[in-house]
Structure formats: structure tokens, C-alpha cells
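Asks: 3D model of this:
(one chain, ligands or ions: 1)
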Amino acid sequence: MRYGFFDTDADEYVIDRPDVPVSWTNYLGTKNMCTVLSHHGGGYSYYKSSQYGRISRFRQNGVPLDRPGHYVYLRDDADGDYWSASWQPVGKPFVEPGTEPDAEAGPGAAGRWTTRHGMGYTRFRSEYRGIDTEQTVFIPLDDDVELWDVRVTNTSDRVRELTVASYVEFSFHTITIDNQNLQMSLYASGSSYQDGIIEYDFYYEPWTFHYVASSETPSSYDSLRDNFIGAYRTETNPVAIERGEGTSKSATTQNHCGSLQHKIVLQPGETKRLVYLLGYGSRDAAGRAMQAKYSDVESAEVPAVDREFQRLRDYWHAKQDKLRIRTPHEGMNTMINSWTLLQAETCVVWSRFASFVEVGGRNGLGYRDTAQDVMSVIHSNPTKTRQRILELLRAQTEQGYELHLFDPKAFDPDAEKLPDVPSPTIVPTPNVADLIHGLEDTCSDDHLWLVPSVVEYVKETGDLAFLDLEVPFAQGTPATVYEHLRRALEFSAEQVGPNGVALGLRADWNDCLNLGGGETALVTFLHAWAIRAFLEVAEPLGRTDDVERWTAELDRIRGVADSELWDGRWWIRGYTRDGVKIGSAANDEGKIFLEHQAWPVIAGITSQERGEASMDSVRELLGSEYGNHLNWPAFTKVDDTVGFVTRVYPGIKENAAIFSHPNAWPIIAEALLGRGDEAVQFYDAILPYHQNDNIEVRGAEPYAYVQFLYGRDHEWFGKAQNPWLTGTAGWMYTAVTKYVLGVRLALDGLVVDPSIPQDWDGFEVRREWRDAVYEIEVRNPEHVSHGVASVTVDGVAHEPGTPVPPAPAGSTVSVVVTLG
Ligand code: GLC
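Replies: Numbers count the residues shown, from 1 in each chain. Next up is the predicted model:
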């Protein structure tokens with residue numbers, strides 16, 4: 001079953017059948033304000049923190065789906081019939097895709113609803129009884145306001161008198177207080193109306209306000225939710241819309257909303273444009289200025305709303321232009337050039353806590369997730385990457401390990417301080433020393449992800465001096481970035497168990513494998529990978545002692561991997577604290593795990609033969625038409641020496657689901673092994689794009705990766721869960737661009753070393769790097785997967801295998817690579 005399609009030229013996904021079984025969401029906002037918005041208008045906004053800065057309310061796990069939202073209602077004042085621009089919440093009958101609605105039909109007729117999710121915006125369109133309405137929702141780059149650009153067109157041949165109304169339900173700004181402490185939230189906030197602006201205030205905290213305004217003075221309004229909706233009603237049939245008029249009353253206390261209601265008259269063919277604003281800040285400090293800026297829709301030559309929309313489009317185009325691919329694989333092109341980049345950026349900018357499944361009740365950053373996510377967007381978002389890397393460095397302890405979940409503000413000397421007033425609704429500032437956890441809460445992998453991310457950042461920017469920058473450890477001790485990286489490696493060198501393999505500690509990448517004093521092969525492999533990255537900078541910096549020290553450690557790890565961790569056809573996962581092997585053919589359950597199989601290849605510590613054998617085992621034992629399972633067979637017997645994974649239902653999450661994130665790593669391994677067909681087969685199996693017409697199985701949106709898909713042990717095999725907030729996007733982006741297409745960076749140049757399907761004739765990549773443009777064309781006349789026969793740079797022969805040196809800023813370089 002199909003609910004929509006990719007409009008690749010527009011970078012949009014178009015939903016042309018609105019009754020999608022689950023919400024298909026988009027993320028708006030690039031700076032301070034974020035909105036998670038579904039294809040039918042449900043969703044919520046927050047300012048900076050999804051835990052403490054809620055603007056609009058969302059009822060998680062509610063029925064009907066995704067309420068409330070950011071809604072525009074329309075009402076035909078001739079007969080009182082009403083509908084919504086975004087199909088829900090009124091939810092009128094709709095025509096099948098490809099069918100025209102009847103413009104002359106009477107109340108309750110079928111209309112047509114289309115949603116376009118784009119990069120940073122969502123556009124709803126309704127065509128109902130001769131009224132064509134568009135509601136484009138976006139957050140401008142530099143204003144803390146969400147705009148709804150609404151155009152209502154009369155496509156019928158009679159004069160129409162309509163009411164157009166906004167509706168959004170305000171939330172108490174701290175999600176826990178909003179959900180639990182009603183004796184605070186209900187009595188500590190109020191609303192007022194003046195000069196066309198509804199202001200929502202927090203009386204105990206006179207620096208926090210939200211507002212709703214519009215480009216024209218409304219004829220009535222509602223700022224008390226229960227006045228707008230009415231008792232025993234829902235957003236589907238609000239009494240104010242049914243009546244065609246708001247109560248125009250506001251008050252202190254209770255539940256609040258932003259509904260501004262406009263009466264309009266449209267001649268046949270006439271269009272009326274209205275802009276609604278949902279903003280952060282008070283009426284006086286922000287609302288009036290924003291209202292003035294965005295009210296010029298009729299008079300200005302280029303209204304501010306159009307100018308800002310174009311700036312947003314340009315912002316995303318500039319990111320896309322940093323790296324564009326053109327391959328024979330349409331799905332790869334569409335996903336890499338727009339959706340996977342967008343998803344990877346979303347995880348870096350908004351962290352991994354706000355969706356419709358994780359509804360934002362957490363604050364700050366997950367260490368390992370952020371340390372991985374930043375790696376894939378350095379080229380498209382160097383500023384945010386640098387900020388995140390600094391935040392991560394400040395949350396590293398002087399012992400080398402990291403704080404697993406942390407709030408960067410707690411360690412940032414320049415963090416904004418809230419006024420110190422005795423309000424019971426303010427979350428107390430924690431004592432930094434209390435935030436530094438001990439070894440019992442430490443994960444064995446968190447710190448290792450950071451090392452290659454910093455090295456990639458240096459390669460992208462050429463800023464070797466970044467390694468000399470002083471950034472304090474969490475305890476406050478000063479250290480250079482280089483020293484931070486060295487300590488991370490030292491920590492892992494110290495935390496080694498009796499078999500010479502890394503200690504498991506609280507968990508590693510797999511949150512549910514809690515090996516404690518047991519040992520983890522994954523972390524040993526990651527350690528090798530991080531050491532290699534470190535050596536890439538230690539060598540040119542002339543740190544000979546470090547080079548010797550870490551080359552020796554790498555050799556030690558290679559030896560341990562060889563002698564302890566190879567199981568015959570794949571790598572074991574480790575040992576329990578009782579010394580029992582896990583992830584071995586000798587086990588009854590969990591004989592093979594996915595997440596560590598690729599790393600010996602990626603870290604360069606194993607042979608081609610073992611690399612291929614492990615990938616073949618992954619394909620054979622973990623593979624499926626929807627991607628690779630995380631382990632096999634699923635655990636059914638509780639064993640706490642293995643971990644929480646043995647208490648998880650078989651076929652979901654970490655217990656034998658198709659966990660998306662580690663599906664990217666075998667793609668990299670296969671590419672490094674030179675097996676391009678196998679690499680792209682792995683990529684294709686889990687590619688959401690391929691599931692566009694299989695939504696009855698998949699459920700989730702086909703343009704975003706999800707955390708996991710139900711595995712074959714579950715009756716819902718293939719069903720996709722937890723969209724958007726997953727490291728999969730970043731890693732898939734890296735796997736395709738740097739390893740399948742093979743365009744990656746050395747410290748001193750650009751490397752092109754593809755591993756592609758043999759039937760490809762070639763492909764093109766446009767890459768911006770350090771202010772120069774590289775137009776890369778790869779030709780594959782011999783139909784091989786891997787192996788560079790010749791290279792030319794601006795028409796001049798270049799030695800294959802040597803990096804193409806950085807070109808002067810402003811230049812365009814043509815690189816032609818012939819495989820063979
Ligand atoms: C979740 C966590 C991530 C972890 C993964 C596997 O996605 O956010 O940190 O690596 O689960 O357990």
C-alpha cells in the first residue's frame with residue numbers, strides 16, 4: 001500500500017492519501033525553536049530544550065492520533081460547514097489519489113488533502129467544496145517564531161464568506177510539571193489579549209512567554225482552551241468553530257490556547273493571504289516586532305514571509321551543495337542528497353530526545369550518540385559540529401571516560417543563567433561535582449567515538465591547531481584537545497579484562513548488553529579504530545612517543561583479536577564476567593551478533609579472508625529482506641550476566657530486531673573489502689525508500705530511518721519503529737559517500753576509492769572542501785567493483801592512491817577516476 005511519493009526535484013515527500021496508519025513527521029527549525037510536526041498537523045514546539053522549553057502541548061500515546069497540533073480551521077459561514085487545512089483534526093472524507101473533489105458538493109462532501117514535507121518546512125493543502133487552502137509551516141532562520149503562511153483561494157464561481165482560525169494549545173514549559181504537577185501548571189500561567197496578540201505568561205517566571213499573533217487584526221479570539229473546544233468536545237468539533245465566533249475572553253490560570261479568528265470574503269478566483277505566528281517571548285519584547293515584520297503580505301513587493309522562506313530554502317540548498325551525488329541508483333541519490341542528510345542534521349541539532357515516540361522528556365545530549373552523529377555532518381554544519389565537539393570534550397572526565405548523558409550547559413562557563421528568583425517551578429541548578437558519575441555508570445565505548453570525530457573535523461577544516469585548543473575536563477582541569485583524545489585511548493588501554501579484551505562496564509554501544517566485569521570484543525575493535533584515527537594526527541604532529549605507544553597497543557589488539565576473538569566463521573561478542581563466551585557458535589542463543597562484525601575490517605586489524613567470512617556469516621545468519629538482525633537466535637532465557645537484552649521480547653529492539661544503526665557498518669566493511677555489490681545489497685535491504693509501497697508492513701515514513709524494525713521472531717516482522725532519532729542516518733550517509741562512493745578525506749588531500757556494484761557505468765560527486773569545489777567523475781568501463789586504474793586532476797595524470805591535494809579557495813577542480 002502506498003500513501004505518497006518522493007518529489008525529488010523539489011526535495012519533498014508528498015503524502016496524497018492522508019489516512020496514513022501512523023504519524024509521518026518532519027522537523028522544523030534550525031536554531032532555537034523546534035517543531036515536530038506530523039503529516040496531518042499534529043505536533044509540538046519547544047524552545048531550546050524539549051524538556052524545559054515546551055511551547056505547545058502534545059498528548060503522547062493519545063487517541064485520536066497526534067493531538068493537539070498546529071491547526072488552521074476553515075468555516076463556510078453560509079452553511080456552517082467546517083474543515084481543517086491539514087485534514088485532521090476535523091477529518092472530512094477524502095477522495096482517492098488521482099480523483100478530483102467535487103467543488104460544487106454540499107456540506108460533508110469528500111475533499112482532497114495533500115501534505116508536502118520539505119527540508120525545514122511542511123505544506124498542507126486542502127481542496128474542499130471550492131476552497132483551496134495552503135498552510136506552509138516553517139521557522140525562519142533567525143527569528144524564534146513559527147510562521148503559518150496561509151493562502152485561501154475561492155475556486156468556485158460564487159462569493160464565499162469564510163471564517164479562518166488558528167489553533168494551538170499552549171504547554172507549561174517544563175514537561176514534567178505539565179504532565180504531573182497540575183497544581184503548579186494550572187495556576188502559574190495565564191493568557192491575555194491585546195493588539196491582535198495572545199500572550200501566554202508564566203506568572204512565577206516573568207521572563208518566559210509565548211504568543212500567537214497574525215498579519216491582520218482578528219474579528220474574535222480564544223485564549224482559554226476550554227472556551228474554544230467546549231465541554232465534551234475535542235479538536236474535531238470545537239464549539240468556537242461550530243459557532244463561527246470566539247468568546248474573546250482571556251484570564252489567568254487554567255489551560256490556554258492561541259486561536260485568532262478572521263472573517264474573510266472571497267470573490268470567485270480571489271486569494272486571501274494570512275500569516276499566523278507562534279512565537280517565543282513576550283508581546284512587548286518579541287510579539288509586536290514579529291507581527292509588524294510578517295504583516296506586510298499585501299503591500300510589500302517581497303513580503304518578509306517569502307523572503308524568509310527563500311532564505312531557509314537557500315540554507316538547505318547550500319548544505320546539499322557541499323556534497324551532491326549522481327549515481328545510477330535513484331533511491332540512493334534521493335536519500336543521500338536530501339533526506340538522509342536532513343535526518344543526520346536533525347539528530348545533531350536537536351539531539352535524540354524529541355519525536356512522537358520519545359516525546360522530549362529528557363534534556364541535554366547522549367554522549368555516544370552525539371559523538372557519532374557529528375561525524376557525518378562536518379561538511380554541512382561545521383559550526384554546530386564544532387560546538388558539539390567542545391560540549392563533548394567538556395563532558396569528558398580527567399580519567400578519560402565520558403558522562404553518558406549530560407547537559408552541556410552544566411559544563412559551559414558561558415551558559416545562559418536564569419534569573420535567581422524563588423520560584424517553585426524552576427528546576428534547581430545541579431552541583432557539577434554531583435554530575436560526574438563513577439565507573440559503575442560508565443559505558444565502555446562512549447569516549448572512543450569522539451576520537452575519530454575530532455580527527456575527521458580536523459581533516460575537513462584543515463584546522464590542526466584545534467588539537468592545541470585548551471578545553472577543561474569535566475572536573476575543571478585544563479587540557480588540550482589532543483590530551484583529551486590521548487586520555488580516551490588510555491582509559492580503554494587500562495580497562496582490559498583477563499583475556500586482554502576490553503571490559504564491558506555498564507554497557508557498550510549495545511545498551512542492553514551489560515557485561516560489567518565481562519569483556520566486549522566490540523570495544524576492543526573500536527579502540528583499534530580510534531587509535532588509527534589518533535595516529536593520523538599524532539604522526540604529522542611529530543609526537544613520536546605517542547606514535548610508538550599506540551602502534552604497539554594496536555599490535556597488541558591485533559594479536560588479541562586473532563587469538564581470542566575469532567570463532568571460525570565470525571567474531572565472538574565477548575565474555576561474561578564468569579568467563580563464558582557469548583556470540584559464539586557454541587552458544588544456544590545469541591550465537592552471532594551484528595554490531596561488532598564490521599569493525600576489525602574498518603579498524604584494519606584483520607585479513608581479507610576473515611573480513612569476507614564474517615560478512616558472509618552476517619548475510620547468511622542475520623540477513624533478511626528488511627536488513628540485518630542484531631543477533632541470532634533471539635534470547636528467550638533470562639541471563640543477567642549477559643544483560644538486559646535477555647529480558648527483552650524476542651524480535652524487538654536489542655533482542656534480535658533489525659536494529660538499523662549497526663546495519664551501516666557492514667556496508668563500510670564490504671566496501672573496504674572491495675565488494676561493492678554486497679555493500680549496496682546491505683544498503684538496499686534497509687533503505688526506507690524501497691518500502692514506499694509496503695506501508696502496510698513498514699508503517700513508518702519511507703523517507704526516514706527508524707531505530708529498529710521488528711525481527712523475524714515477531715509476527716510484525718518488518719514493521720518500523722521510532723523514526724528519525726537514530727544514528728543510522730549519519731552512518732548511512734558516511735557509508736555511502738565515504739566508502740561506497742569512496743570520496744573521503746586524508747589530512748592532506750581528497751581520496752577517491754569507490755566500491756560500487758559492477759553493473760554501474762560510473763557516477764558523479766560534487767564535493768565542496770575547504771572553499772574549493774571538486775567535480776568528481778568516476779568511470780567504470782570494465783564493470784569492476786573496486787580498484788582505481790587511473791586518475792586525472794584538471795586533465796593531468798595523477799598517481800592513483802595518492803590524495804588529491806587541497807586546491808586554492810574559490811577554484812573548481814575536475815577529478816576523473818577510471819576504475820579497472
Ligand atoms: C539507542 C541508544 C544508543 C544505543 C542503541 C543500541 O539507539 O540511543 O545509544 O547505542 O540504542 O542499544
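Asks: and whichever residue of the chain sits closest to the ligand, helix, strand or coil?
Replies: Here the residue of the chain nearest the ligand is Asp511; by Cβ to the nearest ligand atom that distance is 3.5 Å. For glycine as for every other residue, the C-beta is placed from the backbone atoms N, C-alpha and C. What DSSP: H, G, I helix; E, B strand; the rest coil gives for Asp511 is coil.
Asks: which residues does it contact?
Replies: 644, 654 (Cβ atoms under 8 Å, 6 or more residues apart in numbering).
Asks: the ligand contacts on the stretch 451-600 of the chain?
Replies: 509-512 (Cβ under 6 Å from any ligand atom).
Asks: swap in 8 Å and give it another go.
Replies: Proximity of the stretch 451-600 of the chain to the ligand, by Cβ under 8 Å from any ligand atom, involves residues 507, 509-512, 595.
Asks: confidence score at the closest residue to Glu670 other than its chain neighbours?
Replies: With Cβ to Cβ, 6 or more residues apart in numbering as the criterion, Glu670 has its nearest non-adjacent residue at 3.8 Å, and that residue is Ala679. Per-residue pLDDT puts Ala679 at 99.
Asks: likewise for Lys417?
Replies: Here, the pLDDT recorded for Lys417 equals 83.
Asks: next one: the one 10 residues further on
Replies: The pLDDT attached to Val427 in the predicted structure is 74.
Asks: so who does it touch?
Replies: Val427 makes contacts with 52, 174, as judged by Cβ under 8 Å, 6+ apart.
Asks: swap in the one 5 residues further on?
Replies: Taking Cβ under 8 Å, 6+ apart as the criterion, Val432 is in contact with 410-411, 474, 476.
Asks: which among those residues count as buried?
Replies: For the contacts of Val432, a neighbour count by 16 or more other Cβ atoms under 10 Å gives the buried set as 410-411, 474.
Asks: of those, which is the nearest to Thr636?
Replies: Nearest to Thr636 among those: Ala474, at 40.5 Å, using Cβ to Cβ.
Asks: for stretch 679-697, buried residues please.
Replies: Per 16+ other Cβ under 10 Å, stretch 679-697 contains these buried residues: 679-692, 695, 697.
Asks: from Phe58, how far off is Gly41?
Replies: Separation of Gly41 from Phe58 (Cβ to Cβ, to the nearest Å): 12 Å.
Asks: quick one: which of the two has more around it?
Replies: Per other Cβ atoms under 10 Å, whichever of Gly41 and Phe58 has more neighbours is Gly41, with 27 against 24.
Asks: and the residue lying closest to that one once chain neighbours are set aside, what does it touch?
Replies: Residue nearest to Gly41 in three dimensions, not counting chain neighbours: Ser86, with 3.2 Å by Cβ to Cβ, 6+ apart. Residues in contact with Ser86 (Cβ under 8 Å, 6+ apart) are 39-41, 69, 71-72, 113, 115, 124, 126, 135.
Asks: can you tell me the SS state at Ser86?
Replies: Applying three-state DSSP: Ser86 is coil.
Asks: what's in contact with the helix or strand that Ala664 is a member of?
Replies: Using DSSP states H and E, Ala664 sits within helix 664-672. Helix 664-672 has contacts (Cβ under 8 Å, 6+ apart) with 594-595, 597-599, 601-602, 611, 614-615, 618, 628, 676, 678-680, 682-683, 728, 731-732, 734-736, 738-740, 742, 755.
Asks: before we move on, back to that, and the pLDDT for the residue nearest to Gly41?
Replies: 98.
Asks: got it, and Ser351?
Replies: pLDDT, Ser351: 89.
Asks: burial of the spatially closest residue to it that is not a sequence neighbour, as a residue count?
Replies: Leaving aside its chain neighbours, Ser351 sits nearest to Leu365 (5.4 Å; criterion: Cβ to Cβ, 6+ apart). Applying other Cβ under 10 Å, we find 24 residues neighbouring Leu365.
Asks: what of the one 3 residues further on?
Replies: The number of residues packed around Arg368, counting by other Cβ under 10 Å, is 24.
Asks: looking at this, Ala679 is in a helix?
Replies: Yes: judged by three-state DSSP, Ala679 forms part of a helix.
Asks: is it true that it touches Pro754?
Replies: No: in this structure Ala679 lies outside contact range of Pro754 using Cβ atoms under 8 Å: 10.0 Å.
Asks: hey, what's in contact with both of these two?
Replies: Val740.
Asks: show me what the least confident helix or strand in the chain by mean pLDDT is packed up against.
Replies: Counting by mean pLDDT, DSSP states H and E, the chain has its least confident helix or strand at helix 182-185, which shows a mean of 90. Taking 3 or more Cβ pairs under 8 Å, 6 or more residues apart in numbering; DSSP states H and E as contact, the helices and strands that helix 182-185 lies on are helix 175-180.
Asks: mind listing what's buried in the helix it packs on?
Replies: 175, 177-179.
Asks: with that, I have no additional questions.
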